[in-house]
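Participant: What shape does this take:
(one chain, ligands or ions: 1)
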Amino acid sequence: MSGSHYFTGAPDVASERRPITVKLPDITLELTTDSGVFSRSRLDPGTRVLLEHAPPPRAKGPILDVGCGYGPIALTWASRRKRSAVWAVDVNTRALDLVRENAQALNLGNVQAALPDDVPADLRFTAIYSNPPIRIGKSALHRLLKQWLGRLTPDGSAFLVIQRNLGSDSLQKWLNTEGFPTTRVTSVNGFRILEARPRPEGEAPQSGRGTTS
Ligand SMILES: C[S@@+](CC[C@H](N)C(=O)[O-])C[C@H]1O[C@@H](n2cnc3c(N)ncnc32)[C@H](O)[C@@H]1O
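Facilitator: Predicted coordinates:
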């Protein structure tokens, strides 16, 4: 990954598409990646941990991948749950084009790739799977998580993979302080999977001030 492309709307680096194979224990996906998108030459190791070790959705309903890149998380869940709508959200338009093309090539009609503002405002999700963009900085990350975790259904869960030495423990603490009950599902190869549940109805965050840092 090149840091300069990390949260670019439309990468200016020349397109250089390539095929990659995403091989998981239950499924193998042939995907296309491109320059200017996250981890274009292989499935990111954190994403692999999430796809191999996070539990399936706790309830039926729409699934969301926040920060989808070329779509390995969204496309895996769309393949595993063909009857569920899967939303893939990113700010990188090249990444969104790849998700659409990959979904078409895999014949997955249940995938919607969209910019954050293009997701219908009243849509709620029963499951969120994300390898979140840690490098956008703490307060931007906190804003992003609050925005999307606020759209979980009451029986929903968000599964987030975070590298241990990129602050997974402090993020877990912050999520709890913000009122999203959060536990560690597992820790594998230096990555942690956190499960965050929605705020219990009517409960204010402990921080009480809606801080972002
Ligand atoms: C760690 S990468 C994960 C990409 C992909 N899910 C994967 O596993 O290969 C995080 C992604 O978040 C995207 N991103 C950055 N800021 C974002 C924002 N505000 N909203 C949605 N996505 C964002 C980046 O463009 C990048 O594709």
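Participant: Sketch out the helices for this structure, chain order is fine.
Facilitator: Ranges of helices within the chain are 45-53, 72-80, 93-105, 138-149, 168-177, based on DSSP state H.
Participant: Tell me which of those sits most buried.
Facilitator: By mean neighbour count, with neighbours taken as mean count of other Cβ atoms under 10 Å, helix 72-80 ranks first of the helices of the chain at a mean of 25. To be clear about C-beta, it is placed using only N, CA and C from the backbone, and glycine gets the same treatment.
Participant: Contacts for that helix next, please.
Facilitator: Helix 72-80 is contacted by residues 22, 24, 26-27, 29, 31, 43-44, 47, 50-51, 56, 63, 65, 68, 84, 86-88, 99, 102-103, 106, 108, 110-111, 113, 127, 129-131 when judged by Cβ atoms under 8 Å, 6 or more residues apart in numbering.
Participant: That helix and the ligand, any residue contact?
Facilitator: Yes. Using Cβ under 6 Å from any ligand atom, helix 72-80 reaches the ligand at 72-73.
Participant: rewinding a little: contacting the ligand as well, which ones from the contacts of helix 72-80?
Facilitator: Within these, those near the ligand by Cβ under 6 Å from any ligand atom are 44, 47, 68, 131.
Participant: Please name the nearest non-neighbouring residue to the first one.
Facilitator: It refers to Asp44. Leaving aside its chain neighbours, Asp44 sits nearest to Asn131 (6.4 Å; criterion: Cβ to Cβ, 6 or more residues apart in numbering).
Participant: For the protein, which residues score under the pLDDT cut-off?
Facilitator: 1-8, 202, 204, 206-213 (pLDDT under 70).
Participant: Go again with 90.
Facilitator: 1-14, 165-167, 201-213 (pLDDT under 90).
Participant: Between the two ends of stretch 30-46, how far is it?
Facilitator: One end of stretch 30-46 to the other measures 19 Å (Cα to Cα, to the nearest Å).
Participant: quick one: buried residues of that stretch?
Facilitator: Buried residues in stretch 30-46, defined by neighbour count with 16 or more other Cβ atoms under 10 Å: 31-40, 43-46.
Participant: Also stretch 145-163?
Facilitator: Counting neighbours by 16+ other Cβ under 10 Å, stretch 145-163 gives 145-146, 148-149, 151-152, 156-163 as buried.
Participant: could these go into CSV alongside distance to Thr182?
Facilitator: Shown next, in CSV, are those (distance: Cβ to Cβ, whole Å):
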residue, distance to Thr182
Leu145, 10
Lys146, 13
Trp148, 14
Leu149, 9
Arg151, 16
Leu152, 12
Gly156, 13
Ser157, 10
Ala158, 9
Phe159, 11
Leu160, 9
Val161, 13
Ile162, 11
Gln163, 17
